[in-house]
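Colleague: Here is a sequence together with a model predicted from it:
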Amino acid sequence: MSSTSSIPDPADGSGPAIPNTPMAASPLTRAVLEIDEYASTLGWDQPARLFALVDTAKLRVQEPGLASQLGLDTEAAAGSLTPIEQDEVPAGTALDKFLGTIAWPDAVAGCALTVERLMLPPSAEGTVPNGLNEKQLAKWVAAHPDRQEVRMTVAVLRDGARDSAVRLREKDSPTEVLTGADLVPGLAEALAATFAD
């Protein structure tokens, strides 16, 4: 399922530093922000993208040819993660059903997903009509005047660590990306389930 595209990791010198990435950020936070920055270069209205997260140092030792192809020839910072984009998420497949089919090999330390969605501010939650099915709710949200288009990047590790980044389309700037472990808990749980035995 893997492909050979990777996102440069500034921690290992394989590419440019990701602007506004805190120096003290954890390797997982750096990976999330790298993926967010990569997705931002592709523009909006993109399909969901799935990434395997691999330990950069282990990748260099276990797969030197692939590491070289990905530009990971230099020393990696301890614990750094390399995101490797996977094959495209099948169009028309519900994300939860697709994630239910994923099983990762032991070499994969974690995974991440970037997906675009419409969100409403908390003030609009009380105005949601009762009894709507999923399609009706999506149509109602799409027509709501306070809707916001967002890109969410969520990552989890096998050990349970998680992080996420949320970028609003109307504030599409690296300085406007919100990060945190619990921003998209449902998606984080679904990703974590791909590591369940």
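Modeller: Received, thanks.
Colleague: In the protein, where is pLDDT below threshold?
Modeller: Across the chain, the ranges flagged by pLDDT under 70 are 1-24, 73-78.
Colleague: Run through the strands of it in chain order.
Modeller: Counting by DSSP state E, the chain has strands at residues 2-6, 49-55, 81-86, 110-119, 148-157, 162-168, 178-180.
Colleague: how about those, which one is nearest Asn130?
Modeller: strand 110-119 (19.6 Å; Cβ to Cβ). Backbone N, C-alpha and C define where each C-beta goes, glycine included.
Colleague: Make TSV out of the strands of the chain and add mean neighbour count and distance to Ala188.
Modeller: Formatted as TSV, the strands of the chain follow (neighbours: other Cβ atoms under 10 Å; distance: least, Cβ to Cβ, whole Å):
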stretch	mean neighbour count	distance to Ala188
strand 2-6	15	22
strand 49-55	24	13
strand 81-86	25	16
strand 110-119	22	10
strand 148-157	23	5
strand 162-168	23	5
strand 178-180	14	11
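Colleague: Need these in CSV (columns: distance to Ala25).
Modeller: Shown next, in CSV, are the strands of the chain (distance: least, Cβ to Cβ, whole Å):
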stretch, distance to Ala25
strand 2-6, 19
strand 49-55, 15
strand 81-86, 12
strand 110-119, 15
strand 148-157, 12
strand 162-168, 9
strand 178-180, 8
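Colleague: Among these, which comes closest to Gln69?
Modeller: Among the strands of the chain, if distance is taken as Cβ to Cβ, the winner is strand 2-6, at 5.9 Å.
Colleague: Can you tell me how far Ala59 is from Thr179?
Modeller: Just to correct that, residue 59 is Leu rather than Ala. 24 Å (Cβ to Cβ, to the nearest Å).
Colleague: Please report the distance of Asp172 from Gly43.
Modeller: According to Cβ to Cβ, Asp172 and Gly43 sit 9 Å apart.
Colleague: So for these two, which sits in the more crowded spot?
Modeller: Using other Cβ atoms under 10 Å as the criterion, Asp172 and Gly43 rank with Asp172 on top: 14 against 8.
Colleague: Now Asp159: phi and psi?
Modeller: The phi/psi pair for Asp159 (degrees, to the nearest 10) reads phi -80, psi 0.
Colleague: For it, grab the count of nearby residues.
Modeller: A count of nearby residues for Asp159, using other Cβ under 10 Å, gives 10.
Colleague: and Pro90, what does it touch?
Modeller: Phe98 (Cβ atoms under 8 Å, 6 or more residues apart in numbering).
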